[in-house]
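Q: predicted model, plus sequence, below.
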Amino acid sequence: MGRYDLALIGFGGVNRALAELISQSGERLAKELGFALRVVAITDLRAGSLVDTDGIDLAPLLAAESGELSFAGLAGGSADPRNEWVIREVPADIVVEATFTNPTDGEPALSHVRWALESGKHVCTTNKGPVALAGRALKQLAAARGVSFEYEGSVLSGTPILRTAERLFGGLEITGVQGIMNGTSNYILGRLEEGVELSAAIAEAQELGYAEADPTADIEGHDVQLKVMILANEVLGADLRREDVFCEGISAITPHEVRDAASKGLRWKLVGSATRHEDGSVDARVAPLALPAQHPLAGIFGPVNAVAFHTDLLGTVTVSGPGAGRTETAYALLSDIIAIHQRHADDDTAPTHPVLQEAHRV
Ligand SMILES: NC(=O)C1=CN([C@@H]2O[C@H](COP(=O)(O)OP(=O)(O)OC[C@H]3O[C@@H](n4cnc5c(N)ncnc54)[C@H](O)[C@@H]3O)[C@@H](O)[C@H]2O)C=CC1
Ligand SMILES: N[C@@H](CC=O)C(=O)O
């Protein structure tokens, strides 16, 4: 049985949840998928870096509270994240990028991804910055190096929206997308309707692992702006920059307005949308809308998200599922690793598995 060695860049909620999955369910997954997973490097802004090319023992790391973790003093450990050295020099097969999303220029995650691809390593990431702001260039770099760049978790967390569109919508012309694409703001709007104060609702979303490290991106719509760019670029053939996407968040909506709307059968939702016109141009925007109760998006609650695809042959097809959450997003990374395996199953270095090889051929 083959194995993939992983370097985890960022050891916050999502990458810790991936490490937990590997630590607790690695054997079951290996039997099912036909390949094993081993973590050989971890870097983190706060904890430093840890390298063991024989495989890091994850259990003691996962037993420590995340705020208390320090790799300095451990064998192969350092207080310095040493990101560039780890990404370029440690012999990992896949670099898993899950540091903070920076909506302005995508850094430092953009450099992390670039270093990995330049070094001939596959990348999977849940970080929206590099995908939205430089996805096209990064895909070209990956193709030139013969490696994969996967980012299912960058839109709708573990809900496989990008792969659904890519693999299952063949022959359909998609003319637009509209959806709820941020778990935090959707959760907060629901809690405001229930009478919870804004600051308390934000704290809950942080505690539950839905919110960005700086929740401004969730509240002001920047997170959805990046997701709309990713979707429009992927499924509508657009090449949007951030300034092309009008963006208004939920900060101006008062708890009173939320409850007043509810009493009239309306629900405030933060909606992202993109529409392709006949001349090929694409309009995209993010804005709060008070939707009537019978609107399909009005019934989407909490961290659940949904995206409606407008198509020529099927009309509207809506995909709904978790839009945020540590374990849910870690699943997106696992699905990326499976996709890498499927794509490279015939490479010399890839593990072999009859079921996945068959899927690869199909
Ligand atoms: N939590 C969620 O539901 C989802 C998160 N994402 C994205 O996944 C990424 C990770 O999310 P979480 O784990 O929830 O965030 P988090 O804030 O819990 O963890 C991020 C980790 O990255 C580390 N970090 C930051 N800059 C670093 C650097 N330069 N070098 C090394 N480590 C660095 C931080 O110390 C922190 O431990 C973010 O980009 C987020 O936008 C995407 C989909 C859903
Ligand atoms: N903060 C984001 C996490 C996923 O991208 C959200 O709440 O949707």
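A: That came through fine. Ligands and ions are numbered 1, 2, ... in the order given.

Q: now the strands for the stretch 151-300 of the chain?
A: Secondary structure of the stretch 151-300 of the chain (DSSP state E, counting those that start in this stretch): strands at 174-180, 245-247, 266-276, 282-292.

Q: looking at those strands, which is nearest to residue 254?
A: Nearest to residue 254 among those is strand 266-276 (10.2 Å), distances taken as C-beta to C-beta. No exception for glycine: its C-beta is placed from N, CA and C like everyone else's.

Q: check which helices and strands the closest one is in contact with.
A: Under the contact definition 3 or more C-beta pairs under 8 Å, 6 or more residues apart in numbering; DSSP states H and E, strand 266-276 sits against strand 174-180, helix 183-193, helix 222-235, helix 255-263, strand 282-292.

Q: and among those, the most buried is which?
A: Greatest average neighbour count among the helices and strands packed on strand 266-276 goes to helix 222-235 (a mean of 26), per mean count of other C-beta atoms under 10 Å.

Q: tell me if that one is near ligand 1.
A: No - Helix 222-235 does not reach ligand 1 (C-beta under 6 Å from any ligand atom); its nearest approach is 7.1 Å.

Q: by contact count, what packs against that helix?
A: Under the contact criterion of 3+ C-beta pairs under 8 Å, 6+ apart, helix 222-235 touches helix 128-145, helix 161-168, strand 174-180, strand 245-247, strand 266-276, strand 282-292.

Q: in the stretch 1-150 of the chain, which spans are strands?
A: Using DSSP E, counting those that start in this stretch, strands in the stretch 1-150 of the chain cover 2-9, 35-44, 48-51, 77-78, 94-97, 122-125, 149-150.

Q: what parts of this protein come near ligand 1?
A: Residues of the chain lying close to ligand 1 by C-beta under 6 Å from any ligand atom are 9-14, 43-46, 81, 83, 98-101, 108, 126-128, 153, 157, 209-210, 212-213, 324-326, 329.

Q: same for ligand 2: which of these are within range?
A: By C-beta under 6 Å from any ligand atom, the members of the residues of the chain next to ligand 1 lying near ligand 2 are 157, 210, 212, 324.

Q: can you pull the contacts of the second one?
A: In this case it means residue 210. For residue 210, the contacting residues are 183, 184, 187, 218, 303, 324, 325, by C-beta atoms under 8 Å, 6 or more residues apart in numbering.

Q: how about a cut-off of 10 Å?
A: Contact partners of residue 210, counting by C-beta atoms under 10 Å, 6 or more residues apart in numbering, are 13, 157, 182-188, 204, 218, 302-303, 322-326, 328-329.

Q: also the third one?
A: Taking C-beta under 10 Å, 6+ apart as the definition of contact, the neighbours of residue 212 are 100-101, 103, 128, 182, 184, 205-206, 218-219, 222-223, 324.

Q: one more time with 6 Å
A: Residue 212 makes contact with residue 218, according to C-beta atoms under 6 Å, 6 or more residues apart in numbering.

Q: one more: the first one?
A: When the contact criterion is C-beta under 6 Å, 6+ apart, the partners of residue 157 are 322, 323, 324, 328, 329, 332.

Q: over to residue 249?
A: Residues in contact with residue 249 (C-beta under 6 Å, 6+ apart) are 219, 220, 221.

Q: most surrounded residue in those residues?
A: Greatest neighbour count in those, by other C-beta atoms under 10 Å, goes to residue 221: 29 neighbours.

Q: have a look at this structure and report its longest helix.
A: helix 13-33 (DSSP state H).

Q: packing partners for it?
A: Helix 13-33 sits against strand 35-44, helix 58-63, helix 326-344, with contacts defined as 3 or more C-beta pairs under 6 Å, 6 or more residues apart in numbering; DSSP states H and E.

Q: what about residue 312, neighbour count?
A: Residues lying near residue 312 (other C-beta under 10 Å) number 10.

Q: for it, which non-adjacent residue is closest in space?
A: Leaving aside its chain neighbours, residue 312 sits nearest to residue 173 (4.2 Å; criterion: C-beta to C-beta, 6 or more residues apart in numbering).

Q: any idea what the closest residue to residue 116 other than its chain neighbours is bridged to?
A: Using C-beta to C-beta, 6+ apart and skipping the chain neighbours, the partner closest in space to residue 116 is residue 95 (3.7 Å). Beta-bridge partners for residue 95, by DSSP bridges, are residue 7, residue 123.

Q: tell me how far residue 95 lies from residue 155.
A: Using C-beta to C-beta, to the nearest Å, residue 95 is found at 20 Å from residue 155.

Q: and the nearest residue to residue 172 once chain neighbours are set aside, backbone torsions?
A: The shortest distance from residue 172 to any non-neighbouring residue, by C-beta to C-beta, 6+ apart, is to residue 311 (4.4 Å). When read as degrees, to the nearest 10, the backbone of residue 311 gives phi -130, psi 160.

Q: in terms of pLDDT, where does residue 311 sit?
A: As predicted, residue 311 sits at a pLDDT of 98.

Q: can you check the one 3 residues further on too?
A: Turning to residue 314, the model gives it a pLDDT of 97.

Q: that one - how many residues pack around it?
A: Using other C-beta under 10 Å, residue 314 has 11 other residues around it.

Q: swap in the one 5 residues further on?
A: Taking other C-beta under 10 Å as the neighbour definition, residue 319 ends up with a count of 18.
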